[in-house]
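Enquirer: Show me the folded form of this:
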Amino acid sequence: MKRVENTTLYHHDTVLVTAKGRERAQELLAVEKPYRVALNDNEIGSSMVLETGLEEFGAGFLFGQGYIEEPGQVREVLVCPDGRISVHADVEEDLEPREVIITSGCGGTGKISREMLEGKIEPLQEYSMAFAEIGEFIRRVLHESDLGQKTHCVHGCGLWSDGGLQVFFEDIGRHNAVDKVVGSILLGRANPRGAVYTTGRLTSDMVLKCARIGIPIVMSRTSASSLALAIARRAGMTMVCYARPGRLNVYNAPERIIG
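Expert: Okay, the predicted model is just below:
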């Protein structure tokens with residue numbers, strides 16, 4: 001196995017076996033690495049991630065754990081060569097471990113603080129999308145998913161606002177990709193007044209993070225869990241599943257989809 005120039009990919013020699021025999025082949029593998037996340041020099045947790053969007057991931061990870069609450073609190077994010085993401089933020093110095101709930105996560109971030117799950121959800125940003133615009137959004141995300149096409153091993157997540165794709169991230173874990181989008185909002189690099197589309201299924205923590213940051217429309221290429229739908233209803237969020245250009249299954253609040 002050898003790494004190619006892109007640090008997110010490996011070339012791997014394989015043997016292709018068919019009814020006609022065997023032959024040598026090469027496959028591309030996505031590279032996942034462990035990263036520790038620290039808040040104001042105190043280590044909070046760790047996760048296996050794809051080495052892209054690490055600053056955004058660090059901020060989004062801490063938001064999901066309940067340590068960071070809103071944009072403007074993060075002052076600086078440093079990604080260290082030793083596999084550590086150091087986030088410096090203006091938050092209370094009470095870093096006692098939060099009570100967390102383990103969800104159906106992958107990549108190590110399938111957990112949320114109980115306080116975040118049970119607390120009040122503030123009103124979402126208001127935003128609506130034309131049916132044709134959603135089709136363009138989906139096509140853009142799938143087109144941007146270069147690693148997904150090459151490895152069939154990663155999930156993509158994009159944020160659309162004001163008629164264009166604002167940010168796009170990929171990761172081994174669908175939760176991680178959503179954390180990176182949330183982190184981009186916390187770092188002032190994107191606006192929550194828009195819509196998210198993920199190639200992965202929607203579970204409770206993913207929908208809750210989007211609701212807590214104020215995103216009003218969440219869409220998935222696949223389906224959602226029952227608790228994810230309950231959270232969307234509680235927040236007044238528009239939830240779309242099995243989203244394709246030309247067809248949408250709107251599970252909640254269809255009024256934001258126009259035309």
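Enquirer: pretty sure residue 203 contacts residue 225?
Expert: Yes: assessed by CB atoms under 8 Å, residue 203 is found in contact with residue 225 at 5.0 Å. Where C-beta positions appear, they are placed from N, C-alpha and C, glycine not excepted.
Enquirer: Compare neighbour counts for these two and give me the winner.
Expert: residue 203 (22 against 17; other CB atoms under 10 Å).
Enquirer: And that one, its phi and psi?
Expert: phi -110, psi 170 (degrees, to the nearest 10).
Enquirer: likewise residue 191?
Expert: Taking degrees, to the nearest 10, you get phi -110, psi 130 for the backbone angles of residue 191.
Enquirer: for residue 221, same thing?
Expert: Per degrees, to the nearest 10, the backbone of residue 221 is at phi -70, psi -20.
Enquirer: With adjacent residues omitted, what lies nearest to it?
Expert: Spatial nearest neighbour of residue 221, excluding adjacent residues (CB to CB, 6 or more residues apart in numbering): residue 199 at 4.8 Å.
Enquirer: Verify the contact between that neighbour and residue 155 for me.
Expert: Yes: using CB under 8 Å, residue 199 makes contact with residue 155 at a distance of 4.9 Å.
Enquirer: residues shared between the contacts of the two?
Expert: Taking CB atoms under 8 Å, 6 or more residues apart in numbering as the contact rule, the neighbours common to residue 199 and residue 155 are 148, 174.
Enquirer: Settle it for me: which of the two has more neighbours?
Expert: Neighbours were tallied for residue 199 and for residue 155 using other CB under 10 Å; the higher tally belongs to residue 155 (25 against 21).
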